[in-house]
Structures are given as structure tokens and as C-alpha cells.
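Participant: quick one, structure for this:
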Amino acid sequence: MEIISKFTIGSDEGVDNLFTIIKSSVSNTYKNLISEEDIKKYTEEWDPRKMINELNNLSNQLIITYADQKPVGYGILKSGSGYPGFSEEKRMTELNFVILKEYNSSEIRESLWKKCRSTVSFTDILWANILTEDPLLEFFKKTGFVIKENSQIDPFLLPSYIIELPITKN
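Facilitator: Residues are numbered from 1 along each chain as shown. This is a model prediction of the structure:
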């Protein structure tokens, strides 16, 4: 299987690939926790133009991972994005990191993680809000993230953790 993670611009094609991953991920992640009707309502509210504008903000980076040219995961990095109670003395970058369940392999995780990690040397702390039951939680712990606090994750306010990774400067 050919695996590649690459930067993606906020274009129709980039957003289509992103939405394909998100829809599949949301459906699989929440299917036993949230009604199908609520999931459908949530995904129907997405606005591709709004997402294109958000991704073309210079503070944001989108990385999509492809397996045999099929989009199977993404990382979105949002510079300057903190969570309530974060240290304002530190430069914070938020990470949204998603891999489709059926493609959650060490090769895919490593490809996406290496590309995401290579872009955050400018920040002090990389953080994410991750479901308490997310299968990627152990992967994040192995890469050095620590659980900072309990939280809730949008869009359905389910139990989550805020996790952080201090970025060391070389």
C-alpha cells in the first residue's frame, strides 16, 4: 500500500477529501453514542465555502493522508488556538487528528504524525481535545502527550481529555 501525507490547500478538492474523511469518521465514532438523526443533522450543516476560508487562513494547516490515493486521515493545525485555562505565556497550537477506523495502522499514524509534527517547531505546546474512548489516545501518549484535564468535545459534548505535548526546540 502506498501511503503519503501531504499539505492540502483549502480548495474544492481538498475540502471534498476532508469532508469525506470527516463524515465517515463522525458516523463510525458516534454511531453507538448519538442518534443517527443527530449525526445526519450535524453533517448536513457543513458549509464547504466556510471550510475553504478557514483552511486558507494562514494560521491553519491541513494535512491529508492517502492510502493508495484514497483519503484516509487528516491533521488540522490551528496556530494561536488555546483552550480555556491554558497558559497565555505559551504559544499554543491545536491539533485535530483523525484516521479512519479501517485504516488505523502504525504506518498511517506515523505518516500523518510525522508530517504534523514537522510543522509545529514555531509553537510551545501542541494540544488536542480527544474523546476519552478514542483509539488514538494510546498513540498520543506514546508520542509524549499527557492528559492535562477532563473536558467535553464538540459537537455532541461527549467526555474527552485535553492532551498536551510540549514542543522542544532544537
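Participant: make it CA atoms for all contacts and neighbour counts henceforth
Facilitator: Noted.
Participant: now for Asn28: which residues touch it?
Facilitator: Lys101 (C-alpha atoms under 8 Å, 6 or more residues apart in numbering).
Participant: which pLDDT value belongs to it?
Facilitator: Among the per-residue scores, Asn28 shows a pLDDT of 86.
Participant: which SSE is it in?
Facilitator: Assigned by DSSP states H and E, Asn28 belongs to helix 12-30.
Participant: what does Asn53 give?
Facilitator: Per DSSP H and E: helix 48-55 holds Asn53.
Participant: name the residues that touch that helix?
Facilitator: Applying C-alpha under 8 Å, 6+ apart, the contact partners of helix 48-55 are 9-12, 15-16, 60-62.
Participant: going through the residues you listed, which ones are buried?
Facilitator: Buried subset of these (neighbour count, 16 or more other C-alpha atoms under 10 Å): 9-11, 15, 60-62.
Participant: and the nearest residue to Lys115 once chain neighbours are set aside, bridged to which residues?
Facilitator: Excluding its sequence neighbours, the residue lying closest to Lys115 (C-alpha to C-alpha, 6 or more residues apart in numbering) is Ser5, at 6.6 Å. Counting by DSSP bridges, Ser5 forms beta bridges with Thr65.
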